[in-house]
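In: here is a sequence together with a model predicted from it:
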Amino acid sequence: MSELTDPDASAPSGHDSTPGFRPTAVAAVPLAAIGEAIGVAVPGASSSVTVTGISLNSRSIRPGDLYVALPGATRHGADYASQAIEAGAVAVLTDDAGARLLALANDIPVPVLLAGEPRSVVGRLSALIYQSRPAGAAAPALFGVTGTNGKTTTTYFINALLQALGKRTGLIGTIEILAGGEPIPSLLTTPESTDVHALLALMRERGLDAASMEVSSHAVSFHRVDAVVFDVAGFTNLTQDHLDLHGTMEEYFQTKARLFTPERARAAVVTVDDAWGRKLATAAEIPVTTLATAGHPSSGNGDAGRPADGTAAGTADQAADWIVATTTPRGLGSDFVLRHRDGAELRVHTGLPGSFNVANAALATVMVLAGGHEPAAVQAALDAADPFTVAVPGRMQLVSTAPAAVVDFAHNPDALERALEAVRSPEPGSKVIVVFGATGQRDQGKRPAMGAIAARLADTVIISDDDPHDEDAAAIRADVLAGALAAKDDEGLDCTVLEVFPREAAILKAAELAGAGDTILVAGRGHEVWQEVKGVNLALDDRVELRNALTARGFTVLEDHRIES
């Protein structure tokens, strides 16, 4: 994480995303070459200074690094230049404001390079310094997944399928980062570009064959995937989220669409279940394979799923390249058939519940096919290894079966609706109890919408706190509660709506209300183990709290050592 305050960051302050990310061997790059690459003047006497790393964070500087000092929400990175230099930085790259701050400080004993928008060149510099994907050299095949929901699970599915195909794989995402060694906890959906390129270089150094990466809209907006070219980019869906950053759904879409250009990807697989997907399939500037996983086109979450120009960006009778032809329940999961327009079929199974996990598994399969793997080999791997039953921490993660107790990351209207529909038992008399809240300092418009969805789809709605950040927790709960109560009253819904806080008390209440045949869904935080309240990070893991609450009630919980991420 950089000194820049980033709305995608959710880790405890002071933590650092860089340790373990870098390759062991980096060829020194002269500062003159760095200046030439970005069109920045380098003082003549400093041209021979050599650089072996790059960081946006003064706390993660190593000897030989270029320190990039960026403006932040409250402080400028230039304020930390002395710490970076003490740690071994051999040069500083900053903007006009940073240069003025440095001029007011004591003499800076290292060269200072000046760029108008330094963040916009960091990706290029990181690729140059780490030689992450050099032309003509062997490098892992790279799969990038974007969309509102399903990114994490789809990347885990891709990773599992590639492993079943005998590949050595890497993973970069919300939960953890895998580069052929021990998992590294992740702090951002997509790390900073300095770390992304260092990780890609590390994967190349370790001889990995392929890697999958989540690509958030924040990653595109904040230049975290600059100078990265994906072999295959995949699109899941687009529903209301992150409008605090993007303002409108159209702007949100346009940010995602920037991934599907020749500068960022060679080929694409686009799910066309919603109107945004169909629009993207038409607008993408690279070869596109289309995938339809729903029985009919849907516009997502009401009007939130329709492009701003009102078009459907395609029609229901436009055949996708691949479709989910049939789906049959099996246990908590599903068997389904993927059928190509030429008649070829693949038989696929996922052990994770919900139609959205059928969509995630289908997208992962088609992306691997688009990456050059033969259908017969993919079918053999699917049959032999059941890769789409992999446990994904905090994504429809089952904690107990009686009652069925699930922890999921669903934190926006569409994801919450899908999760609630997925966990509803067909058994007569079975109730659904949901615990959730909303994140502070984020898109406020989704709060009442989430409350209304919970009231429509759950029997007992327990509204609690998510991560309030610096916002008043009671005010956030009030927004969600208003939506739930309005839906209950206006639509005559037969549900119970409760407000219980703190969150651990809400989870305990859910366990107290549940019978063995009921379902508890704890939604919104998934794998997260910290709750941020007024700048303080409190230890809180929904999975641990739910296990403890169920155990206290005498229920049996599943023994899963992977519950900790």
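Out: Nice, thanks for sending it over.
In: what about Val522, which SS state?
Out: Taken by DSSP: H, G, I helix; E, B strand; the rest coil, the conformation at Val522 corresponds to strand.
In: what about it, how many residues nearby?
Out: 29 (other Cβ atoms under 10 Å). For glycine as for every other residue, the C-beta is placed from the backbone atoms N, C-alpha and C.
In: roughly how far apart are it and Leu369?
Out: Separation of Val522 from Leu369 (Cβ to Cβ, to the nearest Å): 35 Å.
In: now swap in Val536 and tell me
Out: Applying Cβ to Cβ to Val536 and Leu369 gives a distance of 47 Å.
In: the two: which is more packed in?
Out: Leu369 (21 against 10).
In: okay, and that one sits in which element?
Out: helix 355-370 (DSSP states H and E).
In: list the contacts of Ala422.
Out: Pro353, Gly354, Ser355, Phe356, Asn357, Met396 (Cβ atoms under 8 Å, 6 or more residues apart in numbering).
In: what's the closest of these to Thr239?
Out: Using Cβ to Cβ, Phe356 is the member of the contacts of Ala422 that sits closest to Thr239, with 11.1 Å.
In: surely the closest one meets Asn149?
Out: Yes. The criterion here is Cβ atoms under 8 Å, and Phe356 meets it with Asn149 at 6.8 Å.
In: between the two, which contacts overlap?
Out: Contacts common to Phe356 and Asn149, judged by Cβ under 8 Å, 6+ apart, are Arg418.
In: by mean pLDDT, point me to the weakest helix or strand of the chain.
Out: helix 243-246 (a mean of 54; mean pLDDT, DSSP states H and E).
In: need the next SSE after that one, C-terminal direction.
Out: Taking DSSP H and E, what comes next after helix 243-246 is helix 249-257.
In: next one: that following helix to chain centre, how far?
Out: 16 Å (Cα atoms, centre = their mean, to the nearest Å).
In: in the protein, where is pLDDT below threshold?
Out: 1-20, 181, 187-189, 240-247, 295-318, 560-565 (pLDDT under 70).
In: tell me the residue in it that is farthest from the middle.
Out: Relative to the C-alpha centroid of the chain, counting by Cα atoms, centre = their mean, Ala45 is the outermost residue, at 43.8 Å.
In: that's a helix at it, yeah?
Out: Yes. Judged by three-state DSSP, Ala45 forms part of a helix.
In: residues touching it, list them.
Out: Going by Cβ under 8 Å, 6+ apart, the list of residues near Ala45 is empty.
In: now it: how far from Leu31?
Out: Spatial separation of Ala45 from Leu31 under the definition Cβ to Cβ is 10 Å.
In: cool, and Val497?
Out: Distance from Val497 to Leu31, by Cβ to Cβ: 62 Å.
In: then Val533?
Out: Counting by Cβ to Cβ, the gap from Val533 to Leu31 is 44 Å.
In: who has more neighbours out of these two?
Out: Comparing Val533 with Leu31 by neighbour count (other Cβ under 10 Å), the higher total belongs to Leu31, at 23 against 18.
In: now Glu504, nearest residue through space, not along the chain?
Out: Glu545 (4.9 Å; Cβ to Cβ, 6 or more residues apart in numbering).
In: hmm, Ala506 and the one you found touching each other?
Out: No. Glu545 is not in contact with Ala506 according to Cβ under 8 Å; the separation is 9.1 Å.
In: what about the strands in the stretch 301-450 of the chain?
Out: 322-330, 333-340, 345-350, 397-401, 404-408, 432-436 (DSSP state E, counting those that start in this stretch).
In: what pairs with the fourth one, and is each one parallel or antiparallel?
Out: As defined by DSSP bridges, the strand partners of strand 397-401 come to strand 404-408 (antiparallel).
In: next, the angle from the partner strand to strand 432-436.
Out: 30 degrees (axes from the mean of the first three to the mean of the last three Cα atoms, to 10 degrees).
In: ok, and what's touching strand 404-408?
Out: With Cβ under 8 Å, 6+ apart as the criterion, strand 404-408 contacts 353, 394-399, 415, 419, 423, 425, 511, 514, 518-523, 525-526, 542-543, 546, 550, 557.
In: distance between that strand and the chain's centre?
Out: On the basis of Cα atoms, centre = their mean, strand 404-408 sits 20 Å off its chain's mean C-alpha point.
In: what's the answer for stretch 52-72, then?
Out: That offset, for stretch 52-72, works out to 24 Å (Cα atoms, centre = their mean).
In: list the contacts of Ala320.
Out: So Ala320 contacts Val272, Thr290, Leu291, Ala292, Arg341 (Cβ under 8 Å, 6+ apart).
In: now do Arg124
Out: Ala37, Ile38, Asp226, Ala227.
In: name the SS class of it, please.
Out: Under three-state DSSP, Arg124 comes out as helix.
In: before we move on, back to that, just curious, which of the contacts of Ala320 is nearest to Pro262?
Out: Out of those, the member with the shortest distance to Pro262 (by Cβ to Cβ) is Thr290, at 18.8 Å.
In: you'd agree Ala78 is in a helix?
Out: Yes. Per three-state DSSP, Ala78 lies within a helix segment.
In: what about the longest helix in this structure?
Out: Longest helix of the chain, by residue count under DSSP state H: helix 473-490.
In: now that one: how far from the chain's centre is it?
Out: 27 Å.
In: tell me the strands beside the helix or strand following that helix, with direction?
Out: Sequence order places strand 496-499 as the next helix or strand after helix 473-490, per DSSP H and E. Using DSSP bridges, the strands paired with strand 496-499 in its sheet are strand 460-463 (parallel).
In: any residues touching the strand it pairs with, and which ones?
Out: 431-437, 451, 454-455, 477, 480-481, 484, 495-500, 506, 509-510, 513.
In: alpha carbons only: can I get it in PDB?
Out: Taking Å, rounded to 0.1, in the frame of the first residue of the first chain, the C-alpha atoms of strand 460-463 are listed here in PDB:
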ATOM      1  CA  THR A 460     -35.300 -12.900   9.900                       C
ATOM      2  CA  VAL A 461     -33.200  -9.900   9.100                       C
ATOM      3  CA  ILE A 462     -30.500  -8.900  11.600                       C
ATOM      4  CA  ILE A 463     -28.900  -5.600  10.700                       C
END
